[in-house]
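Asks: Sequence and predicted model, in that order:
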Amino acid sequence: MSVSATVRMLVFLALCILAGEASAARLPKFRVTDLGSLNGSGGARAEAISGILHSRIAGSAPSAEGPYHAFAYAGGAMTDLGALVAGGDSYANGINAAGVACGYARAADQSLHAILYRDGGLVDLSALYGLMANAVPEAINRAGHLIIIDGDSTYLYAKEKMHRLYGGTGRGLDDFDRVAGTENRVAILYDHGTITPLGTLGGSASDAFATANTAMPMVTGQAYLPTDELSHAFIWKPSSGMTDLGTLGGSISQGLAINRMGAVVGWSTVGPFNNHTHAFLAIDGRMLDLNDLLDVSTGTGWLLQRAAGIDDVGRIVGSGTHDGIDSAFELTLLRP
């Protein structure tokens, strides 16, 4: 079987399991893997996942030297991506299937520089392109293009050039170079010069965090309800507009990532005081607590608090606690 045929089969299988089981009596189940640490004592946070046949994961963790360092995880091993200066910290927000990651790192003057992690080294984009202090790359796509927030503007880094897109924040980037972000306190989809406001859930503001790799766009984020006292995760589609995904019992939730099947992951508060969060998976508008979907053999001792990424075969990454220790996780969909 060719690689492309295998990819199509895996995506189709994930679609059948996620959509089919969620609408049937039984729910999807996941095997959980602790991604480990850089210093042997936990504290890792996973922020992004990419790949089809094999997953690549990016995040940050306390390093052997002490400060947080960006990491890449593949093939069961966590790799320290280093820092700009000795004793400095670094963080990774995104990674693509080729293993190229993006994030930010502290420079000698303590400002944060936009960083591209590739070929075993760090490329200081802030120094190369004269970006403002504290410029932050938020996402990377298959082509290696980045979305970067620099001051009050969003830029696309593509083919070794920086292109200003609009005034506002850009959080998500898909393989079509569409950007999910916010302008004038309202979630937007930027598509090659066209800005589409996505609206709210009746309140005064909304934010978009991710867009799916589909020909017809899908976006997720967070929006306020009437009176602005509640804010819920949403999914937006051109055909139906913004749909409220609800919460897991609290009053706040955020959708942080979406795949081409329209499955959304993020976090939600679970109690009336909003002081605890659980990671969620939303399928067909139904929000599920990921802690309820862990298989018994690997899920014991875990509390999944935040899901930050989902790929197109249903693998999910995020952060929580494992036997009381802050840890990063990867969830793998189990076949029926």
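Replies: Nice, I can see it. Numbering: from 1, shown residues only.

Asks: Burial check on residue 298, number of neighbours?
Replies: Residues within reach of residue 298, counting by other CB atoms under 10 Å, total 17. Backbone N, C-alpha and C define where each C-beta goes, glycine included.

Asks: Let me see the contact set for it.
Replies: By CB atoms under 8 Å, 6 or more residues apart in numbering, the residues touching residue 298 are 31-33.

Asks: Kindly reformat these as JSON lines containing distance to residue 107 and pLDDT.
Replies: Shown next, in JSON lines, are those (distance: CB to CB, whole Å; pLDDT from 0 to 100):
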{"residue": "31", "distance to residue 107": "40", "pLDDT": "97"}
{"residue": "32", "distance to residue 107": "36", "pLDDT": "98"}
{"residue": "33", "distance to residue 107": "34", "pLDDT": "98"}
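
Asks: Tell me the one among the residues you listed nearest to residue 324.
Replies: When the contacts of residue 298 are compared for distance to residue 324 (CB to CB), residue 32 wins out at 15.5 Å.

Asks: Name whatever forms a beta bridge with the closest one.
Replies: residue 331 (DSSP bridges).

Asks: Outline the domain layout of the protein.
Replies: With automatic domain parsing as the criterion, the domains of the chain are listed as 1-34+168-336, 36-152.

Asks: Out of those, which is closest to residue 160?
Replies: Shortest distance between residue 160 and the domains of the chain, using CB to CB, is found for domain 36-152: 8.9 Å.

Asks: Quick one: end-to-end length of that closest one, please.
Replies: 36 Å (CA to CA, to the nearest Å).

Asks: Then stretch 104-122?
Replies: 10 Å.

Asks: And it, what's buried?
Replies: 104-107, 112-118, 122 (16 or more other CB atoms under 10 Å).

Asks: hmm, who's touching it?
Replies: 70, 72, 81-85, 88-93, 99-103, 123-127, 131, 133-137, 144, 146, 148, 150, 157.

Asks: Please flag which of these sit within strands.
Replies: 70, 72, 90-93, 101-103, 123-124, 136-137, 146, 148, 150, 157 (DSSP state E).

Asks: Any chance of CSV for the contacts of residue 298, columns neighbour count and distance to residue 273?
Replies: Below are the contacts of residue 298 laid out as CSV (neighbours: other CB atoms under 10 Å; distance: CB to CB, whole Å):
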residue, neighbour count, distance to residue 273
31, 14, 32
32, 24, 27
33, 18, 31
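
Asks: Type out the ChimeraX command that picks the buried ones from the contacts of stretch 104-122.
Replies: In ChimeraX, a selection of the buried entries from the contacts of stretch 104-122 looks like this (16+ other CB under 10 Å):
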select :70,72,81,82,83,84,88,89,90,91,92,93,99,100,101,102,103,125,126,131,135,136,137,144,146,148,150,157
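
Asks: burial count for residue 238?
Replies: 12.

Asks: Show the contacting residues for residue 36.
Replies: 44, 78.

Asks: Thanks a lot, see you next time.
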